[in-house]
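Q: Sequence and predicted model, in that order:
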Amino acid sequence: MDNYDEILESARKVIKIEAEAVATLATRLDENFAKAVMMILECSGRVVVSGIGKSGLICQKMVATMASTGTPAIFLHPAEGVHGDLGMLMKGDLVIAVSNSGETEELTRILPIIKRLGLPLIAMAGSPTSTLGRAGDVFLDISIKEEACPLQLAPTASTTATLAMGDALAVALLLKRGFREEDFALYHPGGALGKRLLLRVEDLMHVGEDMPKVKVNTQLKDALYEISSKKLGITGIVDEQGALLGVFTDGDLRRKIEQGIEVLHKPISEIMSGKPKRILRTNLAAKALQRMEEHKITSLFVFESEEDQVPIGIIHLHDLLKACLLYTSDAADEVVPV
């Protein structure tokens, strides 16, 4: 147990040191940060981020975040740069060079070339008087009090601070660009995230003969056949014009029977649930899931517009599950009235 306590204490110390580094970073943000954001927004080319070692890995993450949030960005390895990769630099590009010490040899060797090409340079370093700090058109201070590494050798707090600064730039940029969830989806078509952001209700809904519905004067015993045959645990109740008046579910039936209410020969209009929840055809499927979870239901009738009263389809929780959209499980585990 003593060994556990020692391990946990060392881990907590690391997290506290790194948290302090990020918190201090926030207090140092000034007009230089705003200038850096405006420089990037005015850039007609790409943001080229360069660093080596652990800083280089953080640079690659910065590039990935910027590229996915509306800021074209690429990574330039400074060691490869001096062996030909500087050729990827183009007129209109902007460079972000990252080095905690500001004296990393591979990085400082490419600074004169960047200047010769006339490209704007944002220096992200721990000292404004370092070689990198002096070379930048704008200096972003990522200095730290101490590394979390007890030997003060392995980059820990310094890389965390750099990562936070990169994220701050990316988020400030996406806000200034008016970047929307729909824009984000265009760059993330794959995986569960892509499905959540791109898949729409119309892609999953049941239509035509597969949509359960009965007329308002239908008796319950006949409505139960519709519920059973369509296998969604629900039927809509519509008037002569096809407008949706209410719904009835197998959960409704179970509750009526438990209450001792004789319902089999009653018109469905007498026992249906009115004011059913609805969703639009063009809404994201994720919104349908959110609405189901919010109201503890498993089905939504689909409409073309808010004004329409005639449903064009229905979407069920199982459809979202099959589409791998069920990333939370708060929805009801049984069919309940909508």
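A: Structure's in. What do you need?

Q: Any buried residues in stretch 94-113, and which?
A: 94-100, 102, 104, 106-108, 110-111 (16 or more other CB atoms under 10 Å). From N, CA and C alone the C-beta is placed, and that goes for glycine too.

Q: So in this structure, where's the weakest helix or strand by average pLDDT?
A: Least confident helix or strand of the chain, by mean pLDDT, DSSP states H and E, is helix 191-198 with a mean of 65.

Q: Let me have the buried residues of stretch 94-113 in a markdown table, extended by distance to residue 163, secondary structure and pLDDT.
A: What follows is the buried residues of stretch 94-113, written out as a markdown table (distance: CB to CB, whole Å; DSSP: H, G, I helix; E, B strand; the rest coil; pLDDT from 0 to 100):
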| residue | distance to residue 163 | secondary structure | pLDDT |
| --- | --- | --- | --- |
| 94 | 20 | strand | 98 |
| 95 | 19 | strand | 98 |
| 96 | 13 | strand | 98 |
| 97 | 16 | strand | 97 |
| 98 | 10 | strand | 97 |
| 99 | 14 | strand | 96 |
| 100 | 12 | coil | 94 |
| 102 | 18 | coil | 95 |
| 104 | 17 | coil | 95 |
| 106 | 20 | helix | 94 |
| 107 | 18 | helix | 95 |
| 108 | 22 | helix | 95 |
| 110 | 22 | coil | 96 |
| 111 | 23 | helix | 96 |
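
Q: Show me which of those residues is closest to residue 36.
A: Distance to residue 36 across those (CB to CB) is lowest for residue 96, with 8.2 Å.

Q: Tell me who's in contact with the most far-flung residue of the chain relative to its centre.
A: For the chain, the largest distance from the centre (CA atoms, centre = their mean) belongs to residue 265, which lies 50.0 Å off. For residue 265, the contact set (CB atoms under 8 Å, 6 or more residues apart in numbering) comprises 219, 220, 221.

Q: Mind telling me what element it is part of?
A: Residue 265 belongs to no helix or strand when elements are defined using DSSP states H and E.

Q: sorry, back to before: now for the buried residues of stretch 94-113, which pair is the farthest apart?
A: The span of the buried residues of stretch 94-113, defined through CB to CB, is set by 94 and 100 at 20.9 Å.

Q: Tell me which other helices or strands the helix or strand where residue 19 lies touches.
A: Using DSSP H and E, residue 19 falls within helix 2-28. Judged by 3 or more CB pairs under 8 Å, 6 or more residues apart in numbering; DSSP states H and E, helix 2-28 is in contact with helix 157-177.

Q: where's residue 204 relative to residue 231, distance?
A: For residue 204, the distance to residue 231 equals 15 Å [CB to CB, to the nearest Å].

Q: Same drill for those two, tell me which one is more crowded.
A: More neighbours surround residue 204 than the other of residue 204 and residue 231, with 19 against 11 (other CB atoms under 10 Å).

Q: ok, which stretches of the stretch 201-338 of the chain are helices?
A: With DSSP state H, counting those that start in this stretch, the ranges of helices along the stretch 201-338 of the chain come out as 201-204, 220-230, 250-258, 285-295, 317-322.

Q: Show me the one of those that comes nearest residue 28.
A: Ranking these by proximity to residue 28 (CB to CB) places helix 285-295 first, at 37.9 Å.

Q: Tell me who's in contact with the closest residue to residue 246 other than its chain neighbours.
A: Nearest non-adjacent residue to residue 246, counting by CB to CB, 6 or more residues apart in numbering: residue 272, 3.6 Å away. Contact analysis of residue 272 by CB under 8 Å, 6+ apart lists 237, 245, 246, 247, 248, 252.

Q: any chance of these in CSV, with distance to residue 5 and neighbour count too?
A: Output for the contacts of residue 272, formatted as CSV (distance: CB to CB, whole Å; neighbours: other CB atoms under 10 Å):
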residue, distance to residue 5, neighbour count
237, 64, 25
245, 65, 17
246, 62, 19
247, 58, 26
248, 60, 29
252, 56, 21
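
Q: Closest one of these to residue 45?
A: residue 247 (55.7 Å).

Q: And the pLDDT for that closest one?
A: On pLDDT, residue 247 comes in at 92.

Q: what's the answer for residue 327, then?
A: For residue 327, the pLDDT comes out at 47.

Q: Repeat that for residue 252.
A: 78.

Q: do residue 309 as well
A: The score at residue 309 is 94. That number is its pLDDT.

Q: right, and it touches residue 276 too?
A: No. Applying CB atoms under 8 Å, one finds residue 309 not in contact with residue 276, separated by 11.1 Å.

Q: any shared contact partners between these two?
A: By CB under 8 Å, 6+ apart, the residues touching both residue 309 and residue 276 are residue 244.

Q: more crowded one of those two?
A: More crowded of residue 309 and residue 276, by other CB under 10 Å: residue 276, with 21 against 13.

Q: Enumerate every residue touching the more buried one.
A: By CB under 8 Å, 6+ apart, the contact set of residue 276 is 236, 244, 246, 247, 301, 338.
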